[in-house]
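> Got a predicted structure here, sequence first:
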Amino acid sequence: MACAAPAPPPAPRPAIPVAPPKEARTVDVDGVQVELTAFVAARYANVTEISVHATREGTTHESTTAKSSFVLTFGADGLVTGCRGQRVASYLDGGKVSHETRYQEQQGYSGRWKRGEPWVDVELEPDNKTCPQLRRFVDLEPKPWRLRCLSVARAGPLSSGGLVCQKTNRAESQFDEEWGHTLSRILPDRWLVLGPGNGLRVTWREEGVGLHTEKNAVVGVTPAAAPIALDAWK
């Protein structure tokens, strides 16, 4: 009686090559390495609350509270619309000065955006149809905004991803249109920080003694719980 030969062992399967993990794409911003993400045309927004309580030159006290908002909506067709606004109340009081500043401002924009490498270039022209204009000065008209933006995974206090932008045509403005919108403690220099979806809530808390207390300001950036409206600054 013949015995059956045992079946040969199965041939080993070739190993499936595993792609190495992709390195995070970064860019140098004035000595700071910033991790980038792919830009998606969508709605980006923020609302910023500023509080300053400081003593200047020994005897002059500054108290400033402000609230601003900035909303930009990017279309897949390269068009962009936006609205920015703010309200400010500021007091200086001391032995040689007593001064109060109050104003409200709102300006709408429309324009175009273009994807670069690695920047997203944005050109905004004043457009009062986007949101009603509320001028800070009777005789000074807001100028266009030219922005260069980065889509980032994180940047300074921003840890949830968003858009950080610099205004490149500051010299064209007749007054400081950026104040309350761009901050100096996101990245080196002044940056506008915006979040997708509901947007971002930004806080600036500054206090101390001297002329440069902004160096120690505490900045917080968190995702907004609900969509930020065009007039969230009110």
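Thanks, I have it.
> Which element, helix or strand, includes Ala45?
Using DSSP states H and E, Ala45 sits within strand 43-56.
> Let me see the contact set for Gln86.
The contact partners of Gln86, taken as Cβ atoms under 8 Å, 6 or more residues apart in numbering, are 66-69, 104-106, 180-181, 233. Yep, even glycine has a C-beta here, placed from its N, CA and C like the rest.
> Between those residues, which sits nearest Leu200?
Using Cβ to Cβ, the shortest approach to Leu200 within those belongs to Ser69, at 10.4 Å.
> Okay, and that closest one sits in which element?
Per DSSP H and E: Ser69 is located in strand 60-74.
> Now the helix or strand following that strand: buried residues?
Counting by DSSP H and E, the next helix or strand C-terminal to strand 60-74 is strand 79-93. By neighbour count with 16 or more other Cβ atoms under 10 Å, strand 79-93 contains the buried residues 80-88, 90.
> ok so, going back, who does the strand holding Ala45 pair up with?
Within its sheet, and counting by DSSP bridges, strand 43-56 is paired with strand 60-74 (antiparallel), strand 192-196 (antiparallel), strand 200-209 (parallel).
> and Asn198, what are its phi and psi?
Main-chain dihedrals, Asn198, degrees, to the nearest 10: phi -70, psi -20.
> what number of residues lie near the residue nearest to it when sequence neighbours are not counted?
Once flanking residues are discounted, Asn198 sits nearest to Ala224: 4.1 Å by Cβ to Cβ, 6 or more residues apart in numbering. Neighbours of Ala224 under the rule other Cβ atoms under 10 Å: 17.
> Same check on the one 3 residues further on?
Per other Cβ under 10 Å, the neighbour tally for Pro227 reads 12.
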